[in-house]
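**Student:** okay, predicted coordinates and the sequence, questions at the end:
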Amino acid sequence: MKTEKKSKKVIKYILAVVLLLVLGNSIVICRENEYKLLRQFGKVQRVISVSGLSFKIPFIQTADTVPREILLYDLPASDVITSDKKSMIVDSYVLWRVTDPLKFTQTLGNSVYNAEGRINAIVYNATKNTVSSMTQDEIIKSRDGKMVVTAAETEEDIESNDLILEEEPQVVEIKSLTEEIMDNIAENYEQYGIVILAVEVKKLDLPDDNKQAVYTRMISERENIAAQYTAEGASQAQMIQNTTDKEVSIMLSEANAQAEQLVAEGEAEYMKILSEAYADESRSEFYSFVRSLDAAKESLKGSNDKTLILPADSPIAQIFAGR
């Protein structure tokens, strides 16, 4: 009896273990960030894309996992040539995800490594085509998709040669380098059951042997631009100075002409008064006397030992003589 009871317990234990094994092999747990592929004899029978519990035929069907979240692939830095034959190093990364797990498995063997190899080739070709169609300056300017420029509004007065410049910095939106690369991705990556969400350039650099030459050229260009601005400023200053000198000369000429006119009018009025005075016999003798005194006074200016010699018939001598 004891032997039978022990054998029954062993059988129950074995049945429970087998049941647990069968149940455990039948349950498929699918998480939010993954797909599940159910294979039967190596062939995919069903794709599970909804998170939760699913069931499969135990010991006959197997479950493979395919990532569903957004994946990041850091591309190795690549050396590319610009349209002006300048070498540049582009270091970028790609955001991608699996959209069709069945195609992903059929074409890439359900391998993230194989997918990254294909993405590397696709993005490198797009980067090379993009960079080869742009100059080095254009690539640098399109690094962030924005470029700060200065728009100058010019007003010229031809008659006075006045020049007024008003400069306002403006941020011009241009197509970024990453957008250009995305537009140049010609290969149909959807055939692999994946989608490339974004290509971002994290570093844009020059080869070490070219850096110094490029820096020297950039410094020279900036010095040329500074010299040009300085020359333009000196030219504008000279124009303003010439205009000011011209205006001052005109004002002085007009003032001198007005002064001469006033002097001439004063002298004319003076002569008019004299002529009227000499025309009146009652006043002419007085004015003659006054003018004679003025003349004598002028002749005696200077040292105190001067002597005034007058003829006897001089009006002043006659006055001094009491005649």
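**Tutor:** Structure's in. What do you need? Please read these numbers as outputs of a predicted model, since none were measured by experiment. Residues are numbered from 1 along each chain as shown.
**Student:** could you use CA atoms for every contact and neighbour count after this?
**Tutor:** Will do.
**Student:** rounded mean pLDDT for stretch 57-67, please.
**Tutor:** Here stretch 57-67 scores 81 as its mean pLDDT.
**Student:** so how far is it from its chain's centroid?
**Tutor:** Stretch 57-67 sits 56 Å away from the centroid of its parent chain (Cα atoms, centre = their mean, to the nearest Å).
**Student:** got it, and stretch 76-96?
**Tutor:** On Cα atoms, centre = their mean, the centre of stretch 76-96 falls 23 Å from that of its chain.
**Student:** for burial, what's the neighbour tally of E116?
**Tutor:** 19 (other Cα atoms under 10 Å).
**Student:** quick one, what contacts it?
**Tutor:** By Cα atoms under 8 Å, 6 or more residues apart in numbering, the residues touching E116 are Y73.
**Student:** quick check: which element contains it?
**Tutor:** Using DSSP states H and E, E116 sits within helix 112-132.
**Student:** domain-wise, how is the protein divided?
**Tutor:** Domain segmentation of the chain under automatic domain parsing yields 2-67, 71-205, 208-275, 280-323.
**Student:** by mean pLDDT, flag the weakest helix or strand of the chain.
**Tutor:** strand 146-157 (a mean of 47; mean pLDDT, DSSP states H and E).
**Student:** top helix in the protein by residue count?
**Tutor:** Assignment by DSSP state H gives helix 208-279 as the longest helix of the chain.
**Student:** can you confirm A63 is in a strand?
**Tutor:** Yes - counting by DSSP: H, G, I helix; E, B strand; the rest coil, A63 falls inside a strand.
**Student:** tell me who's in contact with it.
**Tutor:** Counting by Cα under 8 Å, 6+ apart, A63 touches V28, K36, L37, L38, R39.
**Student:** at 7 Å instead, please
**Tutor:** By Cα atoms under 7 Å, 6 or more residues apart in numbering, the contact set of A63 is K36, L37, L38, R39.
**Student:** likewise A121?
**Tutor:** Counting by Cα under 7 Å, 6+ apart, A121 has no contacts.
**Student:** distance check, it against Y35.
**Tutor:** As judged by Cα to Cα, to the nearest Å, A121 and Y35 stand 26 Å apart.
**Student:** now do K128
**Tutor:** Counting by Cα to Cα - K128 and Y35 are separated by 34 Å.
**Student:** of these two, which one has the most company?
**Tutor:** When K128 and Y35 are compared for neighbours, Y35 comes out ahead with 26 against 18, by other Cα under 10 Å.
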